[in-house]
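Visitor: okay, sequence plus prediction incoming.
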Amino acid sequence: MPNPLAQPQTPPRAVIFDLDGVIFDSAESNVVFYDHILTALGHPPIARQAFEIIHSEPLDRSLKYLLGEGAEYQRAMAYCRGLDPGPFVTSLVLYEGVTETLEALAGRARLAVATNRTVTCRLALKHFGLLKLFEEVITPIEAGRPKPDPTMMHMTLSRLGLERQEVVYVGDTGVDEGMCQAARVRLLAFRNQGLAAWAHASHFGEIPGLLGLA
């Protein structure tokens, strides 16, 4: 529900989405992906123990957390450059109501993505037939810095030609919260009541109503 203390707002002109944990459930896919890299390089499969990191951070930061910043990290990055990401993308699972909700929203507001997922971002959206719905897709590759740094949000706003008060960001982690606070953009928290957010949703289908776009 929207925060009753928040200043009333008109419906946003654009809705910007995170991917992992919002558009699709990537929990098991991410664990399998990073465990594959670890075991290929002769390390134990410990990705599940680093779930919060690999869920919210981009590839390079996740691998640095798992392997440190030395030679093993460099080996892992080199291995990833030759890795076919297809099997890991097909194991992603869309949350219930995503496709129909995004299709409905696309007729009422502009849609964009700002995510810490990097090389598989567009591949994943295309796999689910969703890429065409988003006007802009921004990752750390384009922005140069991952969330929670606000650069990604600033770039998204610039490309859309909108001001911060004209958009809402839908995210699920502390890095999303941090980016929105730094950029002073309203956050709609998805499936995470612990975030300091303008509104909270437990099901994707609730989002249009919360935004006044139903």
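Guide: Thanks, I have it.

Visitor: residue contacts, Met153?
Guide: Contact criterion Cβ atoms under 8 Å, 6 or more residues apart in numbering gives 16, 114, 164, 169, 179-180, 182-183, 185 as the residues in contact with Met153. All C-beta atoms are positioned from the backbone trio N, CA, C, and that covers glycine.

Visitor: check the closest residue in space to it that isn't next to it in sequence and give its pLDDT.
Guide: The shortest distance from Met153 to any residue other than its chain neighbours is 4.0 Å, reached at Ala183 (Cβ to Cβ, 6 or more residues apart in numbering). On pLDDT, Ala183 comes in at 97.

Visitor: wait, isn't Ala183 in contact with Ser158?
Guide: No: in this structure Ala183 lies outside contact range of Ser158 using Cβ atoms under 8 Å: 11.5 Å.

Visitor: looking at those two, which is more packed in?
Guide: Neighbour comparison, Ala183 and Ser158: the larger count goes to Ala183, with 22 against 11 (by other Cβ atoms under 10 Å).

Visitor: what residues are up against that one?
Guide: Ala183 is in contact with 150, 153-154, 157, 164, counting by Cβ under 8 Å, 6+ apart.

Visitor: next, Ala114: phi, psi?
Guide: Dihedral angles phi and psi of Ala114 (degrees, to the nearest 10) take the values phi -130, psi 110.

Visitor: that one pairs with what?
Guide: Going by DSSP bridges, Ala114 is paired in beta bridges with Ile138.

Visitor: so who does it touch?
Guide: Applying Cβ under 8 Å, 6+ apart to Ala114 gives the contacts 16-18, 138-139, 147, 152-153, 156, 169, 179.

Visitor: quick check: buried residues in the lengthiest helix in the chain?
Guide: Among the elements of the chain assigned as helix by DSSP state H, the one spanning the most residues is helix 27-40. By neighbour count with 16 or more other Cβ atoms under 10 Å, helix 27-40 contains the buried residues 27, 29-31, 33-38.
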